[in-house]
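Undergrad: output the structure for:
(chains A and B)
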2 protein chains.
Amino acid sequence: MTIAYADCSAMDASDPLAPARERFVIPHGVIYLDGNSLGALPRSTPARLLRVMEKEWGEDLVRSWNTNDWIGMPARLGARIAPLIGAAADEVIVADSTSVNLFKLAAAALGLNAPRRVILTERDNFPTDLYVLQGLEELLGGAVTMRMVARGELESALDEDVALLALTHVDFRTGEIHAMKRLTAAAHASGALGLWDLSHSAGAMALHLDADDVDLATGCGYKYLNGGPGAPAFLFVARRLQGQLRQPLSGWMGHAAPFEFAAQYRPAEGMRRTLCGTPPVLSMAALEEGLRSFDGIDMGALRAKSRALGDLFLDLVEARCADAGFEMACPRDSARRGSQVSLRHPQGYAIMQALIAQGVIGDFRAPDILRFGFAPLYTRYVDVWNAVDRLAVIMSEESWRDARFQARAVVT
Amino acid sequence: MTIAYADCSAMDASDPLAPARERFVIPHGVIYLDGNSLGALPRSTPARLLRVMEKEWGEDLVRSWNTNDWIGMPARLGARIAPLIGAAADEVIVADSTSVNLFKLAAAALGLNAPRRVILTERDNFPTDLYVLQGLEELLGGAVTMRMVARGELESALDEDVALLALTHVDFRTGEIHAMKRLTAAAHASGALGLWDLSHSAGAMALHLDADDVDLATGCGYKYLNGGPGAPAFLFVARRLQGQLRQPLSGWMGHAAPFEFAAQYRPAEGMRRTLCGTPPVLSMAALEEGLRSFDGIDMGALRAKSRALGDLFLDLVEARCADAGFEMACPRDSARRGSQVSLRHPQGYAIMQALIAQGVIGDFRAPDILRFGFAPLYTRYVDVWNAVDRLAVIMSEESWRDARFQARAVVT
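TA: Model (predicted):
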């Protein structure tokens, strides 16, 4: 028996996270299933940024670095992220972009694990992760080699040359979750360090970096953390590694005493040594509001809802679009799936355009994947019902055949 | 004869740049002489950011990457900076921080100029420039060496091993200007490339990167460009070098086709290859407003005013604080001086605190330098008169002896 709208409405009524939706601006008529690409706007963000602009920048001017503790933002935001990822407050800091942070941490790992010289990663890792590792490999010439293997060959590719295993926790195409604890243990058993890109998992599920004995991690501020477009990213370094860690983007904000203006770099204690340039205060303040949207949220409950939303979506697709030609591109078992579902369809691009025209915003990833992300803080069960309802109509009416949905534009 | 307040008032009345002050928020009772550290708030910035947050992010959501051309911001802002620095629109792009960009360009220069392996710089270069070069040196082990010499020894230190001469155009302590054209020519004559940090000059004077045959440059968005605290920085690469340039922070935004999600990095054409991660849209939008504050401004007139403001300050200090123990720390000749003046005084820290308590905001740089910056778009001649007037009173009354001015806090 197909799940009815009323069933979904009842699920929302008993959802302990339902009130969190009020913390966000969700435009009228939009079903937003792309929080895995850009998180929605927290209701408090505009007022916060106005205050930072008009009061802190406009009136207090340069004094705000001290009086409004701009200088403390990277560590303060890191401490807010820490409980979301199972880390201690002094193991996380906010800076730069995920890509830049990947470079820092991968280079640092080579230093921590000399003379090993291989970086092992997955061929289907998120492209920027691959590109940054390729950039490091090219810069270091023969001194480091990248080894890209298929997902299933990772553990057997760990040998005595591997300095670092660098992976993304949740696959951006398929939503499949890597076993972080097991792979980290396998890396350690072979003498390698592990670096995790948490861009598609932080804020969508409980993570346990310390319990899983993770070494290094970074992740995105603008997806499930709701920090705004291009928000700064975060870095995690296990406390046991911080003292030895050296990273090459050794800008002044990572110096032990940046305002001494000494000629010689001397790394700060702890996570501060992973900083480089001056923090982008406006973007940082927006991220801080994004993180505040997690205040009082139980991450276990959040993960349970994330799984339930994905299961509901797939149940409904199976029930209502059975003959539409979709192929499952994500694990059916929600325990193995991040907070997104992925479907393959040869007409995936046009179908997604037709959905967007109907107010259902997911995204498309070449060559044929439709992605639907579920941000449990603001996605309702009825949103999922309505999304699949519109999808079913589009498929049965074949409205994706419309020329305006077939024309390819730049896709983000 | 000492210059009178009325003389300054008359200079403001005939100043062609005077109307530009209306483009900024300057708090009542504040004389802001620290635009060289953090530019003032443009009046249009809060409304612009509200629109970006509420309309573009809040309503249009992820679609804004295309519909509101977020994806085009790095190049669009670069094109706005280009005329301020004497470059072509396609030679400038905005990304990351100055420190991160220094790393990219220094590493790129080593690739462009292999097998040379020495990076030559000045011992008194801005610390983050030194630290980033040290980080690159450490990462590359024996493959590159940094050579730090005194200012006067730069040209004689250029030899056949030097791959790159990396300098800051205007010294952050003394305000002294390097002869960009001459030093670039000297570098080229020895077979080296030149990399300029324009943080303390862009937006404060006309620059002529193309005419001066400059190779590579980067600079700060939050000083004279008024982009807000920690605003993104810009990069310049001469068109003749762009095709060969490879930089190691090869994130997805620098890929020829980022949304193909290919596994292999392939650099974009032109300046886009210097990009790394996703652009911080909120900070970018603020920088765009900062750049709009230069609309219609003649950079020659701006530089003339900058020199006149500095000369006025020094004239007044000489006239009114002759016996106060100040020593000139900047060139007296305004042709050799950036848009700041610097004075040494053993009690510099306390004197600056006393000035700030009186609403005159300059800054202090250890061990003994008082800096006063003049942002010609919003600094008036009467501001300079009032600032020195208060300084003269502080010195004659010795009010800097007050315990609250002597106590050291974090200095930015």
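
Undergrad: which of the residues in the helix or strand that contains A:Ser64 are buried?
TA: In this structure, A:Ser64 sits in helix A:64-67 according to DSSP states H and E. Counting neighbours by 16 or more other C-beta atoms under 10 Å in any protein chain shown, one finds that the buried residues in helix A:64-67 are A:Ser64, A:Trp65. For glycine as for every other residue, the C-beta is placed from the backbone atoms N, C-alpha and C.

Undergrad: buried residues in stretch A:287-303?
TA: Neighbour-count burial for stretch A:287-303 [16+ other C-beta under 10 Å]: A:Leu287, A:Glu288, A:Glu289, A:Gly290, A:Leu291, A:Arg292, A:Ser293, A:Phe294, A:Ile297, A:Met299, A:Leu302, A:Arg303.

Undergrad: err, stretch A:308-316, not the other one
TA: In stretch A:308-316, counting by 16+ other C-beta under 10 Å, buried: A:Ala308, A:Leu309, A:Gly310, A:Asp311, A:Leu312, A:Phe313, A:Leu314, A:Leu316.

Undergrad: closest to A:Ala166 out of those?
TA: Nearest to A:Ala166 among those is A:Gly310, at 26.4 Å by C-beta to C-beta.

Undergrad: coming back round to it: so which of the buried residues of stretch A:287-303 sit within helices?
TA: Among the buried residues of stretch A:287-303, the members falling in helices (DSSP state H) are A:Leu287, A:Glu288, A:Glu289, A:Gly290, A:Leu291, A:Arg292, A:Met299, A:Leu302, A:Arg303.

Undergrad: quick one: the nearest residue to the last one once chain neighbours are set aside from chain B, how far?
TA: To tie it back to what came earlier, the one meant is A:Arg303. Ranked by C-beta to C-beta, 6 or more residues apart in numbering or on different chains and with sequence neighbours excluded, the top spatial neighbour of A:Arg303 is A:Met205, at 4.3 Å. Here A:Met205 is placed at a distance of 21 Å from chain B (C-beta to the nearest C-beta, to the nearest Å).

Undergrad: likewise A:Phe364?
TA: As judged by C-beta to the nearest C-beta, A:Phe364 and chain B stand 10 Å apart.

Undergrad: mind checking the SS state of that residue?
TA: The three-state label given to A:Phe364 by DSSP: H, G, I helix; E, B strand; the rest coil is strand.

Undergrad: number of nearby residues for the residue nearest to it when sequence neighbours are not counted?
TA: In space, not counting the residues next to it along the chain, A:Phe364 is nearest to A:Met352; the distance is 4.3 Å by C-beta to C-beta, 6+ apart. A:Met352 has 27 neighbours, counted by other C-beta atoms under 10 Å in any protein chain shown.

Undergrad: so what's the most centrally placed residue in chain A up against?
TA: Nearest to the mean C-alpha position of chain A, counting by C-alpha atoms, centre = their mean, stands A:Ser199 at 2.0 Å. Listed by C-beta atoms under 8 Å, 6 or more residues apart in numbering or on different chains, the contact set of A:Ser199 reads A:Thr98, A:Phe126, A:Thr168, A:Phe172, A:Gly219, A:Cys220, A:Lys223, A:Ala233.

Undergrad: tell me the phi and psi of it?
TA: When read as degrees, to the nearest 10, the backbone of A:Ser199 gives phi -60, psi -40.

Undergrad: which residues of the stretch 151-300 of chain A lie near chain B?
TA: Proximity of the stretch 151-300 of chain A to chain B is confined to A:173, A:222, A:228-233, A:246-255, A:258-265, A:276-284, A:286 under the rule C-beta under 8 Å from any C-beta of the partner chain.

Undergrad: can you say which of those residues are buried?
TA: Neighbour counting by 16+ other C-beta under 10 Å classes A:173, A:222, A:228-233, A:246-255, A:258-259, A:261-262, A:265, A:276-284, A:286 among these as buried.

Undergrad: can you tell me the SS state at A:Phe405?
TA: State at A:Phe405, reduced to three classes by three-state DSSP: helix.

Undergrad: show me how far stretch A:78-97 is from its chain's centre.
TA: Chain-centre distance of stretch A:78-97: 13 Å, with C-alpha atoms, centre = their mean, to the nearest Å.

Undergrad: actually stretch A:359-379, sorry about that
TA: On C-alpha atoms, centre = their mean, the centre of stretch A:359-379 falls 14 Å from that of its chain.

Undergrad: check stretch A:114-132 too.
TA: When C-alpha coordinates are averaged (C-alpha atoms, centre = their mean), stretch A:114-132 and its chain have centres 18 Å apart.

Undergrad: where does the prediction get shaky in the stretch 151-300 of chain A?
TA: Along the stretch 151-300 of chain A, segments meeting pLDDT under 70 are nowhere present.

Undergrad: A:Ala324 - how many residues pack around it?
TA: 17.

Undergrad: A strand includes A:Leu314, no?
TA: No - assigned with three-state DSSP, A:Leu314 falls outside any strand and is helix.

Undergrad: A:Val382: which of the buried residues of stretch A:287-303 is nearest?
TA: Ranked by distance to A:Val382 (C-beta to C-beta), those are led by A:Leu302 at 18.3 Å.

Undergrad: is the closest one in contact with A:Phe374, as I believe?
TA: No - applying C-beta atoms under 8 Å, one finds A:Leu302 not in contact with A:Phe374, separated by 10.5 Å.

Undergrad: contacts only, for the closest residue in space to A:Arg239 that isn't next to it in sequence.
TA: Nearest residue to A:Arg239, sequence neighbours excluded (C-beta to C-beta, 6+ apart): A:Glu91, at 5.6 Å. A:Glu91 is in contact with A:Gly78, A:Ala82, A:Leu209, A:Asp210, A:Phe236, A:Val237, A:Ala238, A:Arg239, A:Gln242, A:Met271, counting by C-beta under 8 Å, 6+ apart.

Undergrad: at 10 Å what do you get?
TA: Counting by C-beta atoms under 10 Å, 6 or more residues apart in numbering or on different chains, A:Glu91 touches A:78-79, A:81-82, A:85, A:209-210, A:214, A:217, A:235-242, A:270-271.
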